[in-house]
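[1] Need coordinates for the following:
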Amino acid sequence: RLGSRPALMAGGTVPSSGPVLLSSPSMSAAGAASFAAAGTLAGVPGTLSKPRGPQRGYSFRRSHPGRPARIRDGTPFIPDKGAEFGRGINHLQIGKDNLTGSRWATTDPAETLGWTHAAHDWLSASGRRVLVWGHYVNTGTPASSPVRDRIRRANDGLKARYGPRYLDLGALLTHLGVWELTGLRPTPADLQQQALGNKPPSLSLDAAHLNSAGHEPLRRGIGRRLAELGWLPPPL
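    Numbering: from 1, shown residues only. Just a heads-up that it's a prediction; the model follows:
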C-alpha cells in the first residue's frame, strides 16, 4: 500500500468491466489477512483486493468500464495511498511477523531490514519525516531462541542505520521505569519476563500484542522522541 515495494502481478488481461483473478509472485494470497488497495495496474485505475482467508489469488476490479488491457508478467500494481504519506510523520515497523516465523515467508533479518530501508528511502526522498520502530521480543520467548537472535540482529541493524530516528521498543518495555509510566505494580511473572528481555504479561493483550496499558509507554516514548527530533509543532 505504501508504494516502496509494489506488488508484481502475473500476466493476464483486465476485462472491459468486472473483476479478474490474478496471481502475484511477490505477494502471497495464502495468508489469513484481508487486503484492499486502490491504485493502477497496466495504466488502468482500480482496486486490488483479497477477502479474509487463503485465496487462489487477488481480484482486480477496474474503476470504470473501458477497453481490455493486457498485463505482462511482472507488471507492478501502483497504489494510490503512497501519495498521502507526505502530509505527516511516518512510522515504520516492518517484518515482526516474519522474524517470529508466524508468516509463510522469509525469516531472514537481512531481508526484513531491506524492506525497511526501501520504505524509509522512498519516503525520505521527498523530505518526509520517518521514525523507525524496533521490535520487542514476545512474551514467553525462551532465553535461547532463534526468534530472539533474529530480532536482536534486526534491531542492531536498525539502530546502526537510523540513530536518533530509531525507537527501541524492546528497551522501553523491559526497563523497570515502565511501571511508573503505567501506574501498575509488576507481578513476579512481569519481572521474570523483563529480565529475559521479553514483553511483560501485564502490558500484553496476548503473547505478541500490547494491551491499552502497554500502549501508554509507547505513546509517551514516541512523543518524547518526536520532540527531541524537533518534529512536533511548537506549543500554543
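
[2] separation between the residue positioned nearest the centre of the chain and residue 183?
    Closest residue to the average C-alpha location of the chain: residue 94 at 3.7 Å, with CA atoms, centre = their mean. As judged by CB to CB, to the nearest Å, residue 94 and residue 183 stand 31 Å apart. Quick note: C-beta positions are derived from backbone N, CA and C, even for glycine.

[3] Give me the nearest residue to residue 91, chain neighbours excluded.
    Take residue 91 and drop its neighbours on the chain: the residue closest to it by CB to CB, 6 or more residues apart in numbering is residue 131, 5.3 Å away.

[4] I meant residue 26, not that one.
    residue 8 (4.4 Å).

[5] hang on, the earlier thing: for the residue nearest to residue 91, which residues are in contact?
    With contacts defined as CB atoms under 8 Å, 6 or more residues apart in numbering, residue 131 is in contact with 89-92, 165, 167, 222, 225-226, 229, 231.

[6] looking at this, it is in a strand?
    Yes: counting by DSSP: H, G, I helix; E, B strand; the rest coil, residue 131 is part of a strand.

[7] quick one: it from residue 20, how far?
    Distance from residue 131 to residue 20, by CB to CB: 38 Å.

[8] Next: residue 9.
    Taking CB to CB, one finds residue 9 at 10 Å from residue 20.

[9] which one of the two has more residues nearby?
    residue 9 (25 against 19; other CB atoms under 10 Å).

[10] so that one makes contact with residue 24?
    Yes: Residue 9 lies in contact with residue 24 (CB atoms under 8 Å); the separation is 5.3 Å.

[11] Could you tell me which residues touch both of those two?
    58, 77.
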